[in-house]
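The following block contains a protein sequence and its predicted model.
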Amino acid sequence: MSDGKVFMINTVSRIGYGIMVIAIPYYIPSHLAALVGVVLSAYPIAEALVSIPVGLMANRFKANYLVSIGVLVMSVSAVLFTVSNNWVTLTILHGVMGVAAALMTVPLLTLVAYRRIKLGLGYGGFFSTYFAGYIIGIGVSGLMQRLISNSVEAARVSMIIAAVTFLITLPIALMLKGERNAKAPSRPRLRRSALTLFPLWLGIMIMLGIAFTLPTGLTTHLNISGAYVALIYVSAALVLALGMMMFGALVDRIGAVRTIIIGLIGLVLIIGIAYLAVSGEISISSAIIPLAPSVLLASALVPSIYAYIGYRIEEGSEGLIMGVYNVPTAVGIAIGNLLGGFSVSHLGLGLTVTSAALVLALSMLLTALLWVIQDARSHINQPT
């Protein structure tokens, strides 16, 4: 399996996703603005519903078939988006895009799991290109909005660019190689040790969804310009992308668990600094200085969690486990969007950050509980 092909498809396809994230809301008529959330939520819901079935298929079929189908469905759906502004049609199309996303993402994650060595570097590279692609895509879509005065026309052009972007990956997808070991068990199994970090990963994704809702509150409640907020978020994404690659390599040297602890320290620092900033204890400008290294530390979480999972997957179950963990990725962000959107508009920024802290605390508690149970069972099963 060539990591280069996986990372290339991941980068280019995420550029397409980034373009669409900005473009899609412009298709909803202003008098139906409240339905933007409905249209956007169709994607993660559909992706979550099909992730496990796609994971099972990834264990049985070659990745190039599944990824290529996902690319084609995504491209066609993006083109169809340009011919309608009916919110029901758009919701269905966005749901179809969620299915296509699962067909692309789960097999690619599975291919990384097949390598069985240096999984920290493998998943660090995967998620680093993931964030890098999003940054470029958001920039392209934002540029279209600046160059074309009519926002809807700019969105249409952006969706056509996104469709072409996805199609660019098709020849690479067709060349993908890598499939499960023929000697591996034919029936995939969920090993308990591979599910230990499920609550933590869900909590992190909910927090990410909450983070996506903060820009509106920062501009409204703290009178910070949208451009400044965008600069902060793009800078944070760049730090995350670089940090994931760096800490991915570190995972393979010091182990996944130690690297997870480093990431959790960074995440706790981010929450503390964010609370001080939104409560007025420190200025946003002053918060940026300690936030940068904290975000860098937090970037350790993603490659270390996936490496921990990958090293504990039973051969023949790689696709299933990657599908299972793609469910909280999609659902968690959707829950975070809903929780953050309600909290920012009704409770204020301070309580929104507090809710993120409670989510983290609960996910860590549940993960620790599963860890203790797993450790106790492993001791019981040891021969005396």
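Perfect, thanks for sending it.

Which residues are in contact with T165?
12-13, 15-16, 19, 137 (C-beta atoms under 8 Å, 6 or more residues apart in numbering). Where you see a C-beta, it was placed from the backbone N, CA and C, and this is true even at glycine.

rerun at 6 Å
Residues near T165 by C-beta atoms under 6 Å, 6 or more residues apart in numbering: 15-16.

residue ranges of the helices in the stretch 101-250 of the chain, please?
119-147, 151-168, 170-174, 198-221, 226-254 (DSSP state H, counting those that start in this stretch).

Can you list the buried residues in the second one?
Residues of helix 151-168 classed as buried under the neighbour-count rule (16 or more other C-beta atoms under 10 Å) are 154-163, 165-168.

same check, this time on the last one
By neighbour count on 16+ other C-beta under 10 Å, the buried set for helix 226-254 is 229, 232-233, 236-237, 239-241, 243-245, 247-248, 250-252.

and the helix or strand following it, what other elements does it pack with?
Heading C-terminal from helix 226-254, the first helix or strand you meet, by DSSP states H and E, is helix 256-278. Applying 3 or more C-beta pairs under 6 Å, 6 or more residues apart in numbering; DSSP states H and E, we find helix 256-278 packed against helix 226-254, helix 284-298, helix 301-311, helix 349-381.

hmm, 8 Å instead?
helix 198-221, helix 226-254, helix 284-298, helix 301-311, helix 349-381 (3 or more C-beta pairs under 8 Å, 6 or more residues apart in numbering; DSSP states H and E).

Measure how the longest one sits relative to helix 256-278, angle-wise.
Computed with axes from the mean of the first three to the mean of the last three C-alpha atoms, to 10 degrees, the direction of helix 349-381 lies at 160 degrees from that of helix 256-278.

buried set for helix 349-381?
349, 352-357, 359-360, 363-364, 366-367, 370.

picking that back up, can you tell me which of the helices of the stretch 101-250 of the chain is nearest to I321?
Closest to I321 of the helices of the stretch 101-250 of the chain, according to C-beta to C-beta: helix 198-221, at 10.2 Å.

how far is the closest one from where the chain is centred?
Computed by C-alpha atoms, centre = their mean, to the nearest Å, the chain-centroid distance of helix 198-221 equals 12 Å.

can you give me the angle it makes with helix 256-278?
Interaxial angle of helix 198-221 relative to helix 256-278 (the same axes, to 10 degrees): 20 degrees.

Next, the buried residues of helix 198-221.
198-211, 213-215, 217-219.

Tell me what angle that helix forms with helix 226-254.
In terms of direction (the same axes, to 10 degrees), helix 198-221 departs from helix 226-254 by 160 degrees.

helices or strands up against helix 198-221?
Helix 198-221 packs on helix 226-254, helix 256-278, helix 301-311, helix 318-346, helix 349-381, going by 3+ C-beta pairs under 8 Å, 6+ apart.

got the ones you listed as TSV, with distance to P107 columns?
Converted to TSV, these look like this (distance: least, C-beta to C-beta, whole Å):
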stretch	distance to P107
helix 226-254	20
helix 256-278	23
helix 301-311	15
helix 318-346	7
helix 349-381	27
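
now for those helices, which one comes closest to G55?
Judged by C-beta to C-beta, the one of the helices and strands packed on helix 198-221 that comes nearest to G55 is helix 318-346, at 2.1 Å.

Please name every helix or strand in contact with the closest one.
On a contact count with 3+ C-beta pairs under 8 Å, 6+ apart, helix 318-346 meets helix 36-60, helix 87-114, helix 198-221, helix 301-311, helix 349-381.

closest to Y27 out of these?
In terms of C-beta to C-beta, the element of those nearest to Y27 is helix 87-114, at 5.8 Å.

So which bits of the closest one are buried?
By neighbour count on 16+ other C-beta under 10 Å, the buried set for helix 87-114 is 87, 90-114.

go on, stretch 15-29?
15-24, 26-28.

which one of those residues is nearest L339?
Of those, the one sitting nearest to L339 (C-beta to C-beta) turns out to be V21, at 19.1 Å.

hang on, the earlier thing: closest to I260 out of the helices and strands packed on helix 318-346?
Comparing those by C-beta to C-beta, helix 301-311 comes nearest, at 4.6 Å.

Could I get the average pLDDT for that closest one?
When pLDDT is averaged over helix 301-311, the result is 92.

Can you tell me what sits against that helix?
With contact meaning C-beta under 8 Å, 6+ apart, helix 301-311 is reached by 109, 112-113, 116, 119-124, 126-127, 194, 197, 200-201, 204, 244, 247-248, 251-252, 256-257, 259-260, 262-264, 266-267, 318, 321, 325.
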